[in-house]
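1. okay, sequence plus prediction incoming.
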Amino acid sequence: MKKILALLISPIVAYTASPAWAEDSQSWADQGIQLRFQASPYTLHFSPKTDHENVVMVGLEREHKNGKLDGFTLFSNSFGQESVFIYPWGGIYHNIWDVNKLSFKWTAGLLYGYKEPYENKVPLNYKGFSPGVIAALAYEFKPGWSAQVDLLGTAGLMFQINMPLN
């Protein structure tokens with residue numbers, strides 16, 4: 001995990017500080033960008049195995065005013081391997097089924113961390129790298145705060161909390 005964190009420190013700083021580089025820049029909130037911290041303490045596996053471990057995730061996500069999402073997560077996968085999911089593509093659709101606080105989210109990007117002997121647990125894996133796509137439903141229970149359920153393909157459901165940072 002230390003290696004992954006070291007590789008991500010520079011992009012994280014650039015990701016969170018990029019508006020500060022321009023002299024006349026506005027804050028992200030002024031630009032209509034919402035920054036969220038994400039955390040997941042629990043994942044439900046559809047087919048639990050004896051070698052499954054608890055999955056713990058933390059992440060950072062940006063929602064642009066046009067509904068675009070991007071971000072990254074750091075997590076321990078189901079087999080205890082340090083992993084990362086970087087998603088430059090995604091979207092959010094608010095007021096699903098006319099429920100004011102319910103949103104549908106999708107993200108797509110690059111997943112790293114499923115290595116031997118678990119490299120076949122995710123599709124299209126090459127040396128630990130594979131594409132990743134996640135669909136989710138989120139419910140805002142307090143302004144900026146939401147509970148979210150992520151569909152992890154045919155493997156399971158991840159339960160997470162999202163907290164506003166701006």
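-> Okay, I see it. Numbers count the residues shown, from 1 in each chain.

2. please count neighbours and contacts with C-alpha atoms only from this point.
-> Noted.

3. how about the strands in the protein?
-> 34-45, 57-63, 69-76, 82-94, 102-112, 129-142, 145-152, 156-164 (DSSP state E).

4. now the longest one and strand 102-112, what's the angle there?
-> Taking axes from the mean of the first three to the mean of the last three CA atoms, to 10 degrees, one finds that strand 129-142 is oriented at 150 degrees with respect to strand 102-112.

5. before we move on, what about the shortest one?
-> Strand 57-63 and strand 102-112 meet at an angle of 120 degrees, taking the same axes, to 10 degrees as the criterion.

6. over to the fourth one?
-> For strand 82-94 and strand 102-112, the angle between their directions (the same axes, to 10 degrees) works out to 150 degrees.

7. report all helices and strands that strand 82-94 contacts.
-> helix 2-17, strand 69-76, strand 102-112 (3 or more CA pairs under 8 Å, 6 or more residues apart in numbering; DSSP states H and E).

8. likewise the second one?
-> Strand 57-63 is packed against strand 34-45, strand 69-76, with contacts defined by 3+ CA pairs under 8 Å, 6+ apart.

9. pairing partners for it, with directions?
-> Sheet pairing for strand 57-63, assigned by DSSP bridges, gives strand 34-45 (antiparallel), strand 69-76 (antiparallel).

10. and if you look at the fifth one?
-> In the sheet containing strand 102-112, its partner strands are strand 82-94 (antiparallel), strand 129-142 (antiparallel), by DSSP bridges.

11. C-alpha coordinates for it, PDB please?
-> Provided in PDB are the C-alpha atoms of strand 102-112 (Å, rounded to 0.1, in the frame of the first residue of the first chain):
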ATOM      1  CA  LEU A 102     -31.900   9.400  -5.100                       C
ATOM      2  CA  SER A 103     -29.200   9.400  -7.700                       C
ATOM      3  CA  PHE A 104     -27.800   6.900 -10.200                       C
ATOM      4  CA  LYS A 105     -24.000   7.000 -10.700                       C
ATOM      5  CA  TRP A 106     -21.600   5.200 -13.100                       C
ATOM      6  CA  THR A 107     -17.800   5.200 -13.200                       C
ATOM      7  CA  ALA A 108     -15.300   3.700 -15.600                       C
ATOM      8  CA  GLY A 109     -11.600   3.500 -15.500                       C
ATOM      9  CA  LEU A 110      -8.500   1.500 -14.700                       C
ATOM     10  CA  LEU A 111      -8.300  -1.000 -11.800                       C
ATOM     11  CA  TYR A 112      -5.000  -2.200 -10.400                       C
END
